[in-house]
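Asker: from the sequence below, what's the structure:
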Amino acid sequence: MPVEPTPAPTAAAPSPTVPPRVRSALARYRVAAFVVGWGLLLLCATMVLKYAFGMDWAVKVWGPIHGVLYVGYVLLAFDLAYKDRWSLLGILKVLVAGVIPVLSFVAERWVHRSVLARRRI
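Answerer: Now for the predicted structure:
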């Protein structure tokens with residue numbers, strides 16, 4: 001009995017190419033989103049220390065640090081938005097995600113997938 005040759009695997013559909021300047025801005029944004037996400041969770045923990053245990057110093061120390069981190073997040077989000085030509089609504093969604101605990105992690109995944117698929121945010 002003759003054995004039929006197996007067909008060669010078909011190549012996956014080519015993914016859209018992301019311009020290098022967008023790719024580098026995306027990498028910077030992803031780091032910022034991760035750092036701000038963890039920083040916001042830490043800020044929530046310091047608020048628990050302040051209100052539950054009277055440790056005011058925790059928020060006094062971490063609050064300004066988180067503020068600086070968030071400003072960096074905003075600047076890097078604007079950089080990516082400018083280079084990838086986001087809509088105003090997309091920019092607002094990403095900026096709001098930076099102030100709601102855990103949402104920056106969700107927004108980072110959404111932005112990453114959308115940029116790589118070349119979908120407009």
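Asker: remind me which residues of this structure are low pLDDT?
Answerer: In the predicted model of the chain, residues 1-15 satisfy pLDDT under 70.
Asker: which element follows the lengthiest helix in the chain toward the C-terminus?
Answerer: Using DSSP state H, we find that the single longest helix of the chain is helix 20-53. Sequence-wise, the next helix or strand downstream of helix 20-53 (DSSP states H and E) is helix 56-84.
Asker: next secondary structure after that next one?
Answerer: Next element after helix 56-84 (DSSP H and E): helix 88-97.
Asker: how about that following helix, which residues are buried there?
Answerer: 90-91, 93-95, 97 (16 or more other Cβ atoms under 10 Å). For glycine as for every other residue, the C-beta is placed from the backbone atoms N, C-alpha and C.
Asker: roughly how far apart are the residue positioned nearest the centre of the chain and Ala117?
Answerer: By Cα atoms, centre = their mean, the chain has its centre lying nearest to Glu108, at 2.6 Å. Distance, Glu108 to Ala117, using Cβ to Cβ, to the nearest Å: 15 Å.
Asker: ok, now which ones touch Phe78?
Answerer: By Cβ atoms under 8 Å, 6 or more residues apart in numbering, the contact set of Phe78 is Ile91.
Asker: hang on, I meant Tyr70
Answerer: Shown in contact with Tyr70 (Cβ under 8 Å, 6+ apart): 36, 39, 98-99.
Asker: one more time with 7 Å, if that's ok
Answerer: Contacts for Tyr70 (Cβ atoms under 7 Å, 6 or more residues apart in numbering) come out as 36, 98.
Asker: what residues sit buried inside the longest helix of the chain?
Answerer: Using 16+ other Cβ under 10 Å as the burial criterion, the residues of helix 20-53 that qualify are 22, 25-26, 29-30, 32-33, 35-37, 39-40, 43, 46, 49-50.
Asker: understood, closing this out.
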